[in-house]
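Asks: Let me see the structure of the following:
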Amino acid sequence: MGLWAAGAACGQWEAPEPPPGTLVVAKLKYGGGGDWYVNPTSLANLHAALREAGLPAARLRDDVVADVASADDLFRYPILHMSGHGNVRFSEEELARLRRYLERGGFLHVDDNYGLDEAWRRECGRLFPDRPLVELPADHELYHIYYDFPAGLPKIHEHHGGPARGYGVFYEGRMVIFYSYNTDLGDGWEDADVHNDPPAKREAALQMGVNIVLYALTH
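Replies: Numbers count the residues shown, from 1 in each chain. Model (predicted):
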């Protein structure tokens, strides 16, 4: 059972600010020098897309931030979103806290905003040394749970060239981390005038975001 479904019954995961019972995807703040604060309009637009799909997502203008250094922050939210271009480095205490959050039902979506990949793979290996990143096949349920993506993860921005790739980390049979690489969904979620993406690209990015959240809430 996803963390949101489990937490709703006991109140453990209610956010302090949007009204209780509303869904919040929080932006993960991390150390190491990377720009964790990128894409300032993306999560508000993702929440709007979630509401359009019938989910009780909060109405946001600004990001809700969860600091990996704070247990009080992490354990308020069922889903965390992490992005950036540069380095990320977790302390041992932060690794233990984030792993505990994920093992207890939390979900982390990591979206490479071009330049995060090397640092993220290193830290992911420290986070779950016994649980490698596994590339998801195009027929995985995450790509079809609400909107249908027959070819798997959509390609939004060019970055390295080649196809977009989606990876999962699984703990006791449940995907606890989804890593979207070589696509940049978060840029596609931003306001239309930020990157001037074609409408079809923005729609695909937001629909994929809905799939990720819905999958996290139901597994």
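
Asks: Low-confidence ranges, the protein, go.
Replies: Applying pLDDT under 70 to the chain flags the ranges 1-20.

Asks: Where is the longest helix in it?
Replies: Scanning the chain for the longest helix, with DSSP state H as the assignment, gives helix 199-218.

Asks: What residues sit buried inside that one?
Replies: For helix 199-218, burial by neighbour count (16 or more other C-beta atoms under 10 Å) applies to 201-202, 204-217. C-betas here are computed from N, CA, C, even on glycine.

Asks: out of those residues, who's nearest Y143?
Replies: N211 (6.6 Å; C-beta to C-beta).

Asks: Now do the same contact list for the closest residue to L98 other than its chain neighbours.
Replies: Spatial nearest neighbour of L98, chain neighbours left out: V68 (5.8 Å); criterion: C-beta to C-beta, 6 or more residues apart in numbering. Remark: with contacts taken as C-beta atoms under 8 Å, 6 or more residues apart in numbering, V68 is in contact with L28, K29, Y30, G31, L74, F90, E94, R97, L98.

Asks: again, only using 6 Å
Replies: Residues near V68 by C-beta atoms under 6 Å, 6 or more residues apart in numbering: L28, Y30, E94, L98.

Asks: Tell me how many other residues surround E135.
Replies: 13 (other C-beta atoms under 10 Å).

Asks: tell me the contacts of the nearest residue to it once chain neighbours are set aside?
Replies: Once flanking residues are discounted, E135 sits nearest to Y167: 5.4 Å by C-beta to C-beta, 6+ apart. The contact partners of Y167, taken as C-beta under 6 Å, 6+ apart, are L133, E135, Y179.

Asks: what sits opposite the closest residue in space to the first one that isn't next to it in sequence in the beta ladder?
Replies: Counting by C-beta to C-beta, 6+ apart, the nearest residue to L133 once its immediate chain neighbours are dropped is Y167, at 4.2 Å. Using DSSP bridges, the bridge partners assigned to Y167 are E135, Y179.

Asks: and the spatially closest residue to A204 that is not a sequence neighbour, how far is that from K201?
Replies: Computed as C-beta to C-beta, 6+ apart, the closest residue to A204 that is not its neighbour in sequence is P154, at 4.2 Å. According to C-beta to C-beta, to the nearest Å, P154 stands 8 Å off from K201.

Asks: hmm, back to that, nearest to G86 among the contacts of Y167?
Replies: Nearest to G86 out of these is Y179 (C-beta to C-beta; 16.5 Å).
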